[in-house]
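In: Just need the structure, nothing else, for what follows:
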Amino acid sequence: MWHNAATGRRGEDAAQEYLLRRGLVLRERNWRCGRLEVDLIMESPARLHIVEVKTLVGRDGRSAFDRVDGKKQGNLVNAARRYIALKSVAKEVQFDIVSVSFAAGEPEIEYVPDAFFPMGR
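Out: Modelled structure (predicted):
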């Protein structure tokens, strides 16, 4: 049910387009700092959105939120902290998850805004 790199790129493209249509602005795509990576870093007037994209070629019945475990959440929080420090970002940070499924050909998108909060927040 998982995918190859080309399918992953298609999923990120679909997620990015979906978020752009909702008024978010792209700041970074596949931003890396050491071993940490953020799929999409988007911005709204009030917030910086750290976005994890999960792409599937079929359906497995799991929600987008279920696909991002505690370890991945911790990595996203650490990446966000580094990004904020490096770029001097002064906005609130929101962690979003976008699941993209290509089961029916056209992408099916599940968007979970503000999906989780970092510990200690």
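In: how about the helices in this protein?
Out: 5-21, 70-87 (DSSP state H).
In: How much space separates Ile41 from Val57?
Out: 25 Å (CB to CB, to the nearest Å). Yep, even glycine has a C-beta here, placed from its N, CA and C like the rest.
In: residues contacting Ile97?
Out: Val51, Glu52, Val53, Lys54, Ala64, Phe65, Arg67, Val68, Tyr111, Val112, Ala115 (CB atoms under 8 Å, 6 or more residues apart in numbering).
In: If we only consider those residues, which is nearest to Gly23?
Out: Within the contacts of Ile97, the smallest distance to Gly23 is 12.9 Å, found for Tyr111 (CB to CB).
In: Note down every partner strand of the lengthiest strand in the chain and its orientation.
Out: Ranked by residue count under DSSP state E, the longest strand found in the chain is strand 92-104. Strand pairing for strand 92-104, using DSSP bridges, gives strand 47-56 (parallel), strand 106-116 (antiparallel).
In: could you flag which of the contacts of Ile97 are buried?
Out: Buried by 16 or more other CB atoms under 10 Å: Val51, Glu52, Val53, Lys54, Ala64, Arg67, Val68, Tyr111, Val112, Ala115, out of the contacts of Ile97.
In: For Asn30, state which of those is nearest.
Out: Val53 (9.9 Å).
In: residues contacting the closest one?
Out: Contacts of Val53 (CB under 8 Å, 6+ apart): Gly11, Glu12, Ala15, Asp39, Leu40, Ile97, Val98, Ser99, Val100.
In: The last one touches Arg67, doesn't it?
Out: What it means is Val100. No - using CB atoms under 8 Å, Val100 makes no contact with Arg67, being 10.8 Å away.
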